[in-house]
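Colleague: let me see the structure of the following:
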Amino acid sequence: HYEQRKLKTYRGNLSEFVKKVPEAQSYYSFEAAAFTFHFPEPGYLEGVKNKDKAIMKMSQVDFTYPGTERQILGGCSLQVSMASRVACVGPNGAGK
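Modeller: Reported below is the predicted structural model:
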């Protein structure tokens, strides 16, 4: 924990740390802090006159990891335009 321009260490886990330094609750829980995201307005691509026109399309996509038979995605379709906001989310190690 950085305190008065010095790094201060504490014994124990994060729960114990929050008991000693209550203002650190925001490190521990997203509910403790209000998050707001502001994204810039996307600019135009050369040759694309309309933000709603698809710039990437996938239809009926299947995915299987090499060396396995289990299908992870099946029949997935996707269309992205300049007006779209796309995020790949999931836990660490999930194969994003």
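Colleague: if you average pLDDT over the longest helix seen in the chain, what comes out?
Modeller: What stands out as the longest helix in the chain, according to DSSP state H, is helix 14-20. Mean per-residue pLDDT for helix 14-20: 83.
Colleague: list the buried residues in that helix.
Modeller: Across helix 14-20, burial judged by 16 or more other C-beta atoms under 10 Å covers Phe17, Val18. Where C-beta positions appear, they are placed from N, C-alpha and C, glycine not excepted.
Colleague: give me the helices and strands touching that helix, please.
Modeller: helix 25-28 (3 or more C-beta pairs under 8 Å, 6 or more residues apart in numbering; DSSP states H and E).
Colleague: which is the next helix or strand following the helix or strand bottoming out on mean pLDDT in the chain?
Modeller: Of the helices and strands making up the chain, the lowest-confidence element is helix 25-28, at a mean of 69, by mean pLDDT, DSSP states H and E. Sequence-wise, the next helix or strand downstream of helix 25-28 (DSSP states H and E) is strand 54-64.
Colleague: wait, doesn't Ala83 sit right on Lys53?
Modeller: No. Contact status for Ala83 versus Lys53: not in contact, 9.1 Å apart, counting by C-beta atoms under 8 Å.
Colleague: residue ranges with poor pLDDT in the chain?
Modeller: For the chain, the stretches flagged by pLDDT under 70 are 1, 27-35, 42.
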